[in-house]
Structure formats: C-alpha cells, structure tokens
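*Asks:* Predicted model, plus sequence, below.
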Amino acid sequence: MGRKKATKDVPEATRESIALFLAERFCNGRLKRGAAVAAAAKCGCCRTISTIVAECLARISATLDRTRQTLRALAHEPKLTLLCYIKEHLVKCVTVRVKSTLSDDHKRRRLAYELAHAKRPIGGRSYQLHHMDDYVHFHDKWFNMYKAKITFYLTVNETAPYTSSPNKRYIGKVMLLAAVARLLYDSHRKCGFNGKLVSGR
C-alpha cells in the first residue's frame, strides 16, 4: 500500500485502519478480490507505484527552477528516492551556461549581416548564402595561465608548492588567434588545396 497523497508518509493511524480493513477481508490465506483497491479508495492511498512516482515528480516540478540546483534544495523528497530517479533517467542533471544577452541593436546588426550575404535568384523561392570563398574569419580564444585553486598529490615528506599573485582576482590570460577560411580551387591545376605547403627548389 502506497503513501497518502500530498503527504510525505502514511500516518500511523491510517496504517492501522488499512491493516484492520484488510484483515477483515482475509480468507484462507488470501485477500478477497478488490480488497486492496477498496482499502486504497477508503483511506485515500494509491496502490500503484506509477502513481507514487508521478506525485513525486509533480512535487519536484512545483519547486522553483532557481532553487533546484542541489539535492539539498529538494529536501522534501528522500535522497535515496532522488538518486533512484536519476539512475532511471526520470530526473536529469543539466548544466546551463550563461549566454550573452542580445539587445535589439545587436539583433538588427546580425540580421543585416545575414541578409547582406544571402541572395535569392530571380524566380527562385529560397535564399542562397554567399560562398564565402574570399573571406577569412579570425577567431580569438582566451585561456587562463593558471588556476586560482590547484590540487596536488604529494607524499608525506613533500611540501606543497608556493604560488603567489599580485592580485588573487587577477589571472593572466593567453590569447590563441586562429584564421579560418574555405579551401580555394585552383583553376590551373584543376584541383583544390590539399593542405600541403611545399617550398620552392
């Protein structure tokens, strides 16, 4: 017999009433047909595990998204139950990264750039993007030179390395710059660029 709806556990008085109700309908070592369903309807309990799972997931969904960042925030549900639901893929852990907010001006600039590189042939229904063969794109990526917190595995006789910085909040960065372009087609050799650079003899 499952727990009472919208409660964490079945009260002791309800358990006793369910036990007495089923004992009265116990005959020749077996329960009479429909006894469990009647007991569940009388005491307001659910006898199927699917109903219990649905109620638990509904309580999880009712919690605010901003507060559902740790299992401790879902303390109204048993931790073992949550771990079982995660294992059965009923509850999933999702990592969300902060994205830049685009203003209306940024959206207009991006739309204008896309429209400038798209054209529709006369009589055509769909747009065609520019081949971009004569464009070179520059991409930059910043990497931290070191971490503010580093973990070392040392033996008993070793001491931890000393690390210092003028400002703990300032970490030096290294920029990696890359140029990306489409492969050009050589009309004289009638082949594309294969990536091999050979110096002259």
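*Replies:* Yep, that arrived.
*Asks:* What's the local residue count around the spatially closest residue to L129 that is not a sequence neighbour?
*Replies:* Leaving out its chain neighbours, the residue that sits closest to L129 by Cβ to Cβ, 6 or more residues apart in numbering is A118, at 5.4 Å. Any C-beta I mention is one placed from the backbone N, CA and C, and that applies to glycine too. Using other Cβ atoms under 10 Å, A118 has 12 other residues around it.
*Asks:* Might you report the residue contacts of A118?
*Replies:* By Cβ atoms under 8 Å, 6 or more residues apart in numbering, the contact set of A118 is Y127, Q128, L129, H130.
*Asks:* List the residues that contact the last one.
*Replies:* H130 makes contact with H117, A118, K119 under the criterion Cβ under 8 Å, 6+ apart.
*Asks:* could you check the distance from the first one over to Y135?
*Replies:* It stands for H117. 9 Å (Cβ to Cβ, to the nearest Å).
*Asks:* Likewise for the second one?
*Replies:* A118 is 14 Å from Y135, where distance means Cβ to Cβ.
*Asks:* Give me the subset of the contacts of A118 lying in strands.
*Replies:* Residues of those located in strands (DSSP state E): Q128, L129.
*Asks:* from the contacts of A118, which would you call buried?
*Replies:* Among the contacts of A118, none is classed as buried by neighbour count (16 or more other Cβ atoms under 10 Å).
*Asks:* quick check, nearest of the contacts of A118 to E88?
*Replies:* Of all the contacts of A118, E88 sits closest to L129, with 44.2 Å by Cβ to Cβ.
*Asks:* State the distance from that closest one to R169.
*Replies:* 43 Å.
*Asks:* wait, what's in contact with the nearest residue to P121 once chain neighbours are set aside?
*Replies:* Spatial nearest neighbour of P121, excluding adjacent residues (Cβ to Cβ, 6+ apart): Q128 at 6.9 Å. Listed by Cβ under 8 Å, 6+ apart, the contact partners of Q128 are A118, K119, R120, P121.
*Asks:* so can I have CSV of these showing distance to A39 and secondary structure?
*Replies:* CSV is the format used below for the contacts of Q128 (distance: Cβ to Cβ, whole Å; DSSP: H, G, I helix; E, B strand; the rest coil):
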residue, distance to A39, secondary structure
A118, 68, strand
K119, 73, strand
R120, 70, coil
P121, 73, coil
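*Asks:* So of those, which two are at opposite extremes in space?
*Replies:* Using Cβ to Cβ, the two most remote members of those are A118 and P121, lying 11.3 Å apart.
*Asks:* so V180, which of the three states?
*Replies:* For V180, the assignment made with DSSP: H, G, I helix; E, B strand; the rest coil gives strand.
*Asks:* Tell me where the model's unsure across this structure.
*Replies:* Along the chain, the model assigns pLDDT under 70 to residues 1-11, 29, 43-52, 64-69, 75, 96-100, 153-156, 168, 194-201.
*Asks:* hmm, try it at 90
*Replies:* Scanning the chain for pLDDT under 90 picks out 1-103, 110, 113-173, 178-201.
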